[in-house]
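# here is the input, now give the coordinates:
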Amino acid sequence: MIVFSLLLAVAAVPLPQEPLRIGVVAVDSPDSGDVHFVRGARAAAAKMTDAKVELLVEAAATPAEAAAAVEKLRTAGVAGVIAPPNPWLADAVRKAAGPKLPCVSFAAPPAAFAQVFDWLVARTFCMTRVAFVRDQSQRAKDFGKLLGKDLKAPTVVMQDTDVAITAKALAKEWAEERPELLLIDADPPAVLTFLTKALGPEPLPIVLTPRSVSDGLRALDRRLFVVHGQSPATVATTSAFRAEYEKQHGAVLLGAAEGFEGVGALVRARRSAAGGEAAAVNTALAAAALEGVRGRYGYDASAAGFAPPLAVWALVEKQWRPYVPATTPLLEVGASVGTDAGAGKPQTTIGEPFGTWRTRQFVPEEGAQWVICSWADDGGYATIGDDLKQLGLSTGGADPVLDHLVREEIMVRAMAIASTKFGRKEDGTGIEGKSLRIAFAMHVPGKEKEKRKLRIWPARFGGDHEGAGGEAFGTFCRVYTTFIRRTIFQEHALVPPLGAADCEYLDGTYHFGSDLAKDKRSELIRALINGYGGSMALTLAHEVGHLAGLGHVTDDPVEIMNVNEGAGLDYRDAHFGAPSWATMKATYGLTGDKPGKPAKK
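Okay, here's the model as predicted:
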């Protein structure tokens, strides 16, 4: 395999012509999203000695304009063209270039995209219900099938929606079950129409495929995400390109790496090709492995382009900025960031750090009594949105990712803590011979719930009560989040309330220990979330105890079944007393017992 190094000096090998003209298809304007792409290309050209590389930039914002731009560049005698990062335009550039004009483009193969998207949904967004919005192209249909196979449970593509859907039809489609996240794969004009006319002000998080992105999106007042080629600013090792680019232009944003690596790849291929013929250059490109500013990667024949490592970008203040992996500190060229980019560690005395547990980790134990937790959505009980707003723990929909992560952290702490009271691990896993066969979960497939012999107790979080934090009703229970909020935590409401800037604490993009003021803010938010979730956990354990046949006790002040368990008891001290444990063990048995049979006395 031919290996191109973009970081080595190129003066040692003479160019086949002087100057070597390279075409770049992009809108060369400070107001355009292509500005970083063009800057990257110029930075690569500047690395060539003796001014032997000349860039010709032709503007294009549509496929038709891209095809016309290629013809202009061909007429100008360029040795090859660099297609823009957007596949919608890159496809047109490649087709217009044909086999006689070498073309460098970049791609995000569907399988690689699905892997990054699954990771984003599982670890960062913590969501499970995805609606796939697409056009009628075969590529979009095939991509939808791939998602259905590659996304890991409990994440599911719950809806497959045509991007041309009307607002009325979309509302009807979401009437029964609403997705948590939208993934869109369509040409940019259709995406803009969908976002502005069909979706409107709906505050759902939206992830785009690379071909769905256009400059028109930057004008929308909406936070969007796209899976695209990684930024050099998120790579562990600082490159000379990054250091110089940030000195001149600031952060290395979307497209800069593609411009820099694209020019370098074409120059190298042109030099290595015998006689500089187009066929030889194309062969060299297809066999190349780039040692680029984002690491080493190669050419993907199925995607007709180089496939760099992928990452997630967020549209913030009309600019695509690195989201995950997070931006790493700028160090000396060649130096690598350590595993602990932040010098400190969060305090564990106020609860586990954000992201320690995820609700999707909780898988109910086979043969056990299942407790399925959910936020109440029935009339009069769907109060958690208002509860969190009054506690300062909600943006009211302004940042749907942050609002969702707050709920995730509260619910997972309630399940983790409650699980330990039944002898289970903090991720809900049972310990053979030690854990009661009463297991907690949130995400359970419908077909599992419908099994006749499966025992399920729903636990619904929301609502208020005159004098109790929760109630058990024989086959289900409620945890009254409003009662817990107003009687214990309201006086400790967060000031100022959550804003978009706080999302970095919960989504993992902030390195703890790098800023003292931010550390304090993060700890304050976590303390309130942990306390609220901890009180819900004890109430949950108490009500599940009732469902398991236990009554109140009064002789042990830290017994979970004490009637005052919800009045501020530290959840670390709470436990089931010996009589309560013995009763539940006799009825439900321990992990490892044969299904349907309690442990032998």
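
# tell me the helix or strand right after the strand or helix carrying residue 526.
Following DSSP states H and E, one finds residue 526 within helix 516-547. Proceeding N to C from helix 516-547, the next assigned helix or strand is helix 578-588, under DSSP H and E.

# buried residues, that next one. List them.
Buried residues in helix 578-588, counted by 16 or more other Cβ atoms under 10 Å: 580, 581, 583, 584, 585, 588. Where you see a C-beta, it was placed from the backbone N, CA and C, and this is true even at glycine.

# closest one of those residues to residue 514?
residue 581 (45.0 Å; Cβ to Cβ).

# OK, contacts around the closest one?
Contact analysis of residue 581 by Cβ atoms under 8 Å, 6 or more residues apart in numbering lists residue 436.

# what's the distance between the residue nearest the centre of the chain and residue 174?
Closest residue to the average C-alpha location of the chain: residue 120 at 2.9 Å, with Cα atoms, centre = their mean. To residue 174, residue 120 is 22 Å away according to Cβ to Cβ, to the nearest Å.

# what number of residues lie near the closest residue to residue 398 other than its chain neighbours?
Closest residue to residue 398 apart from its sequence neighbours, by Cβ to Cβ, 6 or more residues apart in numbering: residue 500 at 6.7 Å. Residues contacting residue 500 under the criterion other Cβ atoms under 10 Å number 13.

# how about residue 500, what does it touch?
223, 395, 398, 399, 402.

# what subset of the residues you listed is buried?
Neighbour-count burial (16+ other Cβ under 10 Å) applied to the contacts of residue 500 gives 223, 395, 399, 402.

# now those as JSON lines including distance to residue 536?
Converted to JSON lines, those look like this (distance: Cβ to Cβ, whole Å):
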{"residue": "223", "distance to residue 536": "29"}
{"residue": "395", "distance to residue 536": "21"}
{"residue": "399", "distance to residue 536": "23"}
{"residue": "402", "distance to residue 536": "20"}
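
# between those, which is nearest residue 467?
Nearest member of the buried ones among the contacts of residue 500 to residue 467, counting by Cβ to Cβ, is residue 395, at 31.8 Å.

# pretty sure that closest one is touching residue 401, no?
No. The criterion here is Cβ atoms under 8 Å, and residue 395 misses it with residue 401 at 9.6 Å.

# mutual contacts of those two, please.
By Cβ under 8 Å, 6+ apart, no residue touches both residue 395 and residue 401.

# state the mean pLDDT of stretch 561-580.
When pLDDT is averaged along stretch 561-580, the result is 78.

# just the endpoints, please. Distance across it?
8 Å (Cα to Cα, to the nearest Å).

# so residue 322 sits in a strand?
Yes. Counting by DSSP: H, G, I helix; E, B strand; the rest coil, residue 322 is located in a strand.

# okay, now it: neighbour count?
Residues near residue 322, counting by other Cβ under 10 Å: 24.

# equivalent analysis for residue 345, please.
As a measure of burial, residue 345 has 10 neighbours, counting by other Cβ under 10 Å.

# same check on the one 4 residues further on?
Neighbour count for residue 349, taken as other Cβ under 10 Å: 9.

# and it, how far from residue 22?
59 Å.

# again, but for residue 410
From residue 410 across to residue 22, the span is 54 Å (Cβ to Cβ).

# quick check, pLDDT for the closest residue to the residue nearest to the centre of the chain other than its chain neighbours.
Spatial nearest neighbour of residue 120, excluding adjacent residues (Cβ to Cβ, 6+ apart): residue 312 at 5.5 Å. We have a pLDDT of 98 for residue 312.

# across the sheet, point out what pairs with residue 312.
residue 227, residue 324 (DSSP bridges).

# residue contacts, it?
By Cβ under 8 Å, 6+ apart, the neighbours of residue 312 are 116, 120, 124, 207, 225, 226, 227, 228, 323, 324.

# of those residues, closest to residue 508?
residue 124 (6.3 Å).

# three-state assignment of that closest one?
Here residue 124 is helix, with the state taken from three-state DSSP.

# quick check: it touching residue 324?
Yes. In this structure, residue 124 is within contact of residue 324 by Cβ under 8 Å, at 5.6 Å.

# what's the overlap in contacts for the two?
312, 507, 508.

# surely the second one is in contact with residue 405?
The one in question is residue 507. Yes. Applying Cβ under 8 Å, one finds residue 507 in contact with residue 405, separated by 6.2 Å.

# and the contacts of residue 500, which two are the farthest apart?
Most distant of the contacts of residue 500, by Cβ to Cβ, are 223 and 395, 11.1 Å apart.

# how's this protein carved up into domains?
Domains of the chain are assigned by automatic domain parsing as 2-106+237-301, 110-208, 359-588.

# could you point out which of those domains sits nearest residue 334?
Among these, if distance is taken as Cβ to Cβ, the winner is domain 2-106+237-301, at 6.6 Å.

# quick check: mean pLDDT of that closest one?
pLDDT averaged over domain 2-106+237-301 gives 88.

# go on, stretch 484-493?
96.

# ditto for stretch 363-380
Mean per-residue pLDDT for stretch 363-380: 93.

# pretty sure residue 540 sits against residue 414.
Yes. Between residue 540 and residue 414 there is a contact at 5.7 Å, judged by Cβ under 8 Å.

# hey, what's in contact with both of those two?
Shared contacts of residue 540 and residue 414, defined by Cβ under 8 Å, 6+ apart, are found at 373, 479.

# and residue 458, how far from residue 381?
12 Å.

# same check on residue 464?
Taking Cβ to Cβ, one finds residue 464 at 9 Å from residue 381.

# list the residues that contact both of those two?
Common neighbours of residue 464 and residue 381 are not found (criterion: Cβ under 8 Å, 6+ apart).

# who touches both of residue 507 and residue 405?
residue 125.

# related to what we said a few turns ago, output the contacts of residue 312 in a markdown table, with distance to residue 364 and pLDDT appended to each entry.
As requested, the contacts of residue 312 are exported to a markdown table (distance: Cβ to Cβ, whole Å; pLDDT from 0 to 100):
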| residue | distance to residue 364 | pLDDT |
| --- | --- | --- |
| 116 | 29 | 97 |
| 120 | 26 | 96 |
| 124 | 25 | 95 |
| 207 | 29 | 98 |
| 225 | 31 | 97 |
| 226 | 35 | 98 |
| 227 | 32 | 97 |
| 228 | 37 | 97 |
| 323 | 33 | 96 |
| 324 | 30 | 94 |
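
# flag the shaky bits of the stretch 501-601 of the chain, pLDDT-wise.
By pLDDT under 70, the weakly predicted segments of the stretch 501-601 of the chain are 564-569, 595-601.

# 50 instead?
565-566, 599-601 (pLDDT under 50).

# pretty sure residue 431 sits in a helix.
No. Using three-state DSSP, the secondary structure at residue 431 is coil, not a helix.

# residues in contact with it?
Residue 431 makes contacts with 423, 424, 425, 591, as judged by Cβ under 8 Å, 6+ apart.

# how close does the residue nearest to the centre of the chain get to residue 306?
When residue 120 is compared with residue 306 (using Cβ to Cβ), they lie 22 Å apart.

# next one: residue 495
For residue 495, the distance to residue 306 - Cβ to Cβ - is 50 Å.

# next, count neighbours for residue 480.
What residue 480 shows, counting by other Cβ under 10 Å, is a neighbour count of 28.
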